[in-house]
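Peer 1: Quick one, fold the following:
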Amino acid sequence: MNFLRKHTHYVLALGHLCSDINQGTLSAVLPFLVAAHNYNYATAAALVMASNIVGSIIQPVFGCIADKHGRPYYMVIGIMLAGGGMSLTGLLDNFYGLCAAVMISGVGIAMFHPQAAQLVNKYSDPQSKGAKMGLFSFGGNLGFTVGPILASAAITAFGLRGTLIFLLPPLLFGLIATLTFRNDTETATAQVQAAAVSQQPENWSAFGRLSLLIVSRSIMYNGINTFLVLYLVETFAIPKPLGNTFLSCYYAVTAFSALFGGKLADKYGHRKILRLSFAIYLPAIALFALSHNLAFLLLLLLPLGVGIGLCYSPMVLLGQLYLPQHTGFASGVTLGLAVSIGGIVSPLLGKIGDIYGLDNIFWLLCALAVLPLAISFFLPEPEPQMKLEA
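Peer 2: The predicted model follows:
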């Protein structure tokens, strides 16, 4: 147990992996569900919406609960629900049953994130918050990476019932988290930090602007997550498992970018990394929409993953720094909106894909990418006592 407590950030990163492996899985399972149940793109995207609409509404609520009555075991319950709901998707052939399953998974994911991000903040010193949040982000993005590979392998081997494999990660994290946090108490350092934070002003206006940036980023992120495999399968007739492998490669790039994005933010400032991130993403998505060469499109997954990944840790930390007295709520909004809002918009993107073709979805993402880049230049520097460089 002492060993685990000394490596709390790695335990939290593992939890993030076990949580977000379910979100990565849903995009990978979609092509199999489309083939098995003859769904169109809009119907398939509605499953993504069902999962994410719950999280977008409930996650800030869980954030408020974490601010007032935070308990580490909330994370364990959340991951149990997340994995349990996802494991049922391959066993149900009724659309409404599938919606219920992914909504249960969405509730679990929403329950995990605010509490976990608050603990990352609690156990980090001011000079390394970006690096620690980067490690936490890496765990989540690694979950997105592992999810499609695990889903494809399990479904190929066992059919749709292979989704039952997603019961295993919650059991693993539940055991480790119980051993790590069973005697969790406020340390003297944490109490001193809490007293100092209570004196810091909050910038709700800046947090509102940041939230708009995150909404835009969420739509961009989910657009690729949801439709990349479908686009590659339809346009280039590649096998679904190979398409999921490419999606996992994209997730892997995103994961490592999130890891280094936190470290770069500690060194150069959170706002600068946000600007760099979207400055990379915008031309990459424009070229993706223009090109119809498979090899070139696959190469573009590298800058797309870098562009969408570098900004993850800085935007979560800026949310906590703009609202230092409500870090749970800030985490609930930033982490929730970072994924959930894009899922809600996915059915609209799917409808556009049904009517005008999947390639037009990427043109819409290109146009949208201008907004977060512009907003990143209008975010103020956090208060001086937060010791962040612009």
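Peer 1: and Leu373, what element?
Peer 2: Element membership of Leu373, judged by DSSP states H and E, is helix 370-375.
Peer 1: Need the mean per-residue confidence for that helix.
Peer 2: Helix 370-375 shows a mean pLDDT of 96 in the predicted model.
Peer 1: And for stretch 56-71?
Peer 2: Rounded mean pLDDT across stretch 56-71 is 79.
Peer 1: And for stretch 12-29?
Peer 2: In this model, stretch 12-29 has a mean pLDDT of 87.
Peer 1: let's have the chain start at 397 instead
Peer 2: New numbering, starting at 397: the last item is stretch 408-425.
Peer 1: any idea how far it is from the chain center?
Peer 2: 9 Å (Cα atoms, centre = their mean, to the nearest Å).
Peer 1: Sketch out the low-pLDDT regions of the stretch 397-546 of the chain for me.
Peer 2: Along the stretch 397-546 of the chain, the model assigns pLDDT under 70 to residues 397-402, 466.
Peer 1: how about the helices of it, start to end?
Peer 2: Under the criterion DSSP state H, counting those that start in this stretch, the stretch 397-546 of the chain carries helices at the ranges 398-402, 404-433, 437-465, 469-483, 491-518, 525-554.
Peer 1: I'd assumed Ile737 was in contact with Tyr617.
Peer 2: No: the pair formed by Tyr617 and Ile737 falls short of the contact definition of Cβ atoms under 8 Å, at 9.8 Å. Quick note: C-beta positions are derived from backbone N, CA and C, even for glycine.
Peer 1: got a markdown table for the helices of the stretch 397-546 of the chain, with distance to Gly604 and mean neighbour count too?
Peer 2: Compiled in a markdown table, the helices of the stretch 397-546 of the chain are given as follows (distance: least, Cβ to Cβ, whole Å; neighbours: other Cβ atoms under 10 Å):
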| stretch | distance to Gly604 | mean neighbour count |
| --- | --- | --- |
| helix 398-402 | 37 | 10 |
| helix 404-433 | 25 | 24 |
| helix 437-465 | 13 | 22 |
| helix 469-483 | 27 | 24 |
| helix 491-518 | 18 | 24 |
| helix 525-554 | 21 | 24 |
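Peer 1: which one of the ones you listed lies closest to Gly724?
Peer 2: When these are ranked by proximity to Gly724, the top entry is helix 437-465, at 3.3 Å, counting by Cβ to Cβ.
Peer 1: Packing partners of the closest one?
Peer 2: Under the contact criterion of 3 or more Cβ pairs under 8 Å, 6 or more residues apart in numbering; DSSP states H and E, the helices and strands touching helix 437-465 comprise helix 404-433, helix 469-483, helix 491-518, helix 600-632, helix 723-733, helix 736-752.
Peer 1: one more time with 6 Å
Peer 2: Under the contact criterion of 3 or more Cβ pairs under 6 Å, 6 or more residues apart in numbering; DSSP states H and E, helix 437-465 touches helix 491-518, helix 723-733, helix 736-752.
Peer 1: The first one packs against which elements?
Peer 2: I take that to be helix 491-518. Under the contact criterion of 3+ Cβ pairs under 6 Å, 6+ apart, helix 491-518 touches helix 404-433, helix 437-465, helix 469-483, helix 525-554, helix 723-733.
Peer 1: same check, this time on the second one
Peer 2: Secondary-structure packing of helix 723-733 (3+ Cβ pairs under 6 Å, 6+ apart): helix 437-465, helix 491-518, helix 600-632, helix 708-718.
Peer 1: Between those, which one is closest to Ala654.
Peer 2: Of the helices and strands packed on helix 723-733, the one closest to Ala654 (Cβ to Cβ) turns out to be helix 708-718, at 4.3 Å.
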